[in-house]
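Trainee: next comes the sequence, and after it the predicted model I'd like to discuss.
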Amino acid sequence: MIAIIIVLSLVLILLVFNYCMNQGNSKYINLMPGPPVRFIIGNTWDFLGSRKEQWNYFVNYSKEYYPTFKVRQFYYNAVVSCHPDDFEIILNNTKHIDKSFFYKVLEPWLQTGLLTSGGAKWHLRRKILTPTFHFNILQQFVENLIEEGENMTKSLQNEGESVVKDLVPFFSEYTLNAICETAMGVSLQSFDIFQQRQYREAIHRMGELFIYRISRPWLYYDWIFSFTPTGREQRKILKILHGFTKQDRVRNEIDAAVQKNGEKFSMKLLQDLPYLERCIKEALRLYPSVFVISRILGDNVKLQSYFVPAGTMIILNIYLAHRSSDFWPNPEVFDPDRFLPDRIRNRHPYSYIPFSAGPRNCIGQRFAMLEMKAIIAPVIHNFYVEPIDYLKNIEMNLDFILRPANSLRVKFVPIRKTNGS
């Protein structure tokens, strides 16, 4: 009992101390609009519900207070921006290169790698790793990517007639296989079914624990988190992870490329699918995998007429910027031709950033595009794809990547190939 009282007292002292330390910046940030705050806890209560509720709060606040607003978790102020002009100011300036403390929550899993490190360490690692994503190096990976695309196609064909799948876990099985084999040289297929499932579930659970922890400021401290049930669960998970109508147009493009290439998928074929690439880009506009970026300001900046002092955490809401009618006509409509050369020429360069932007952009974006093409193309070539659950009815969970709250089922109907097709 005494130990609990001591721990709670220390937590309270830390919260009060940090609250006082952050008051200097508050006079500027308090000039911004934002959701009502509760005494002491700020907006923390809003984000203690389910991940679906957290997502709804985040999106609704972003719409209500667009384009820039403030939120507060206990003592910590953060500024959320949804505007590409602000994205450019933050992402294109090396003064703001350091990630926010949110990313420190991932360090037990990812250590201080390219995603989580900052300053000189990030610059050095980026310099070392950049050559490995050169186009010529990526060619060596394509065989693995194509193999996984074909494995997924065969698994559907082996089930016979039409089959309904929950799209996210089904695709994730093969994309994760591809990443493990190319990045680590280890195929998940070499493990038994139990080990494969255990590894995939561990990755999914880490995303849930990430959101659980960052929405509870008292768990930012590693020594407190380590004593909680979720902290103990994370240690177990880490042991596992460390141990190891438009469719027809896409199909016609893929079929023509396959026929031209002698019925074989290759690097050259994947590069010759411009409409499929536009479809993928449009899907990433509507559903960016990484929907927010968070940084710590290295200097004072002016965002949408508001002065924001150095040291403030800034959250860039990519999801909402990608759906802003200020930059995208009919933003909720899926239109791959938005990415035709003549239509992107005058587009704001920071209105579409699914792979971030500036000096800290995603080093693996070429790989990601190749992987998506390699996985999708064989499926579209061999199956008609029919949605069972429509996206307009799908709600999202707050996670470190964008995930649907419920199943996203799709029916795969085999295409009967004739000798002439």
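Mentor: Perfect, thanks for sending it. Model, not experiment: these values are computed from the prediction.
Trainee: identify each buried residue in stretch 403-411, please.
Mentor: Buried residues in stretch 403-411, counted by 16 or more other CB atoms under 10 Å: R403, P404, A405, L408, V410. Yep, even glycine has a C-beta here, placed from its N, CA and C like the rest.
Trainee: same question, stretch 319-338
Mentor: So stretch 319-338, judged by 16+ other CB under 10 Å, has buried residues Y319, L320, A321, H322, R323, S324, F327, W328, P331, D335, P336, R338.
Trainee: and stretch 346-356, by the same measure?
Mentor: H348, Y350, S351, Y352, I353, P354, F355, S356.
Trainee: kindly report the same for stretch 252-269.
Mentor: For stretch 252-269, the neighbour count (16+ other CB under 10 Å) marks E253, I254, A257, V258, F265, S266, M267, L269 as buried.
Trainee: go on, stretch 379-390?
Mentor: Going by neighbour count (16+ other CB under 10 Å), the buried part of stretch 379-390 is V379, I380, H381, N382, F383, V385, D389.
Trainee: same question for stretch 85-103.
Mentor: Applying a neighbour-count criterion of 16+ other CB under 10 Å, one finds 86-91, 93, 96-100, 102-103 buried in stretch 85-103.
Trainee: now the buried residues of stretch 319-338 as CSV including pLDDT and secondary structure?
Mentor: Formatted as CSV, those follow (pLDDT from 0 to 100; DSSP: H, G, I helix; E, B strand; the rest coil):
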residue, pLDDT, secondary structure
Y319, 96, helix
L320, 95, helix
A321, 96, helix
H322, 97, coil
R323, 95, coil
S324, 94, coil
F327, 94, coil
W328, 95, coil
P331, 91, coil
D335, 89, coil
P336, 91, helix
R338, 94, helix
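Trainee: what about the buried residues of stretch 252-269, which are in strands?
Mentor: Nothing among the buried residues of stretch 252-269 maps onto strands, per DSSP state E.
Trainee: nearest to E395 among these?
Mentor: I254 (31.4 Å; CB to CB).
Trainee: output the lowest mean pLDDT helix or strand found in this structure.
Mentor: helix 2-21 (a mean of 64; mean pLDDT, DSSP states H and E).
Trainee: low-confidence stretches in the stretch 301-421 of the chain?
Mentor: Within the stretch 301-421 of the chain, the ranges that satisfy pLDDT under 70 run 416-421.
Trainee: quick one, helices of it?
Mentor: 318-321, 341-344, 365-382 (DSSP state H, counting those that start in this stretch).
Trainee: tell me which of those lies nearest to Y174.
Mentor: Closest to Y174 of the helices of the stretch 301-421 of the chain is helix 365-382 (CB to CB; 5.9 Å).
Trainee: hey, which of the helices of the stretch 301-421 of the chain is tucked in deepest?
Mentor: Of all the helices of the stretch 301-421 of the chain, helix 318-321 carries the top mean neighbour count, a mean of 25, counting by mean count of other CB atoms under 10 Å.
Trainee: for that one, list the C-alpha coordinates in PDB.
Mentor: Taking Å, rounded to 0.1, in the frame of the first residue of the first chain, the C-alpha atoms of helix 318-321 are listed here in PDB:
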ATOM      1  CA  ILE A 318      -2.400  13.800 -43.600                       C
ATOM      2  CA  TYR A 319      -5.800  12.000 -43.700                       C
ATOM      3  CA  LEU A 320      -7.800  15.200 -43.600                       C
ATOM      4  CA  ALA A 321      -5.400  17.100 -45.900                       C
END
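Trainee: now G118: how far from I224?
Mentor: Separation of G118 from I224 (CB to CB, to the nearest Å) stands at 23 Å.
Trainee: hang on, the earlier thing: any chance of the helices of the stretch 301-421 of the chain in CSV, with distance to Y61 too?
Mentor: Formatted as CSV, the helices of the stretch 301-421 of the chain follow (distance: least, CB to CB, whole Å):
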stretch, distance to Y61
helix 318-321, 10
helix 341-344, 30
helix 365-382, 29
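Trainee: how about the spatially most central residue of the chain: what's its closest non-neighbour residue?
Mentor: Closest to where the C-alpha atoms of the chain average out (CA atoms, centre = their mean) is V290, at 2.2 Å. Leaving aside its chain neighbours, V290 sits nearest to I401 (6.2 Å; criterion: CB to CB, 6 or more residues apart in numbering).
Trainee: equivalent analysis for I353, please.
Mentor: Nearest one to I353, counting by CB to CB, 6+ apart, is I318 at 5.9 Å.
Trainee: tell me who's in contact with that neighbour.
Mentor: By CB atoms under 8 Å, 6 or more residues apart in numbering, I318 lies in contact with F87, P288, V290, F291, V292, I293, I353, P354.
Trainee: check A283 too.
Mentor: F334.
Trainee: quick check: it vs I314, distance?
Mentor: Using CB to CB, one gets 27 Å for the distance from A283 to I314.
Trainee: which strand or helix spans Q54?
Mentor: Q54 is located in helix 51-64, with elements delineated by DSSP states H and E.
Trainee: what mean pLDDT does that helix have?
Mentor: Here helix 51-64 scores 91 as its mean pLDDT.
Trainee: so what touches that helix?
Mentor: Here helix 51-64 makes contact (CB under 8 Å, 6+ apart) with 34-35, 46-47, 49, 69, 71, 80, 82, 208, 211, 215, 317, 319-320, 395-399, 405.
Trainee: out of these, which are inside strands?
Mentor: Counted as lying in strands by DSSP E, out of the contacts of helix 51-64, are F69, V71, V80, N317, M396, N397.
Trainee: just give the closest residue to T130, not the sequence neighbours.
Mentor: I363 (6.5 Å).
Trainee: so R366 versus Q271, what's the distance?
Mentor: Taken as CB to CB, the span from R366 to Q271 is 11 Å.
Trainee: using PyMOL, define a selection of the buried residues within the contacts of helix 51-64.
Mentor: Restricted to buried positions by 16+ other CB under 10 Å, the PyMOL selection for the contacts of helix 51-64 reads:
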select buried, resi 34+35+46+47+69+71+80+82+208+211+215+317+319+320+396+397+398+399+405
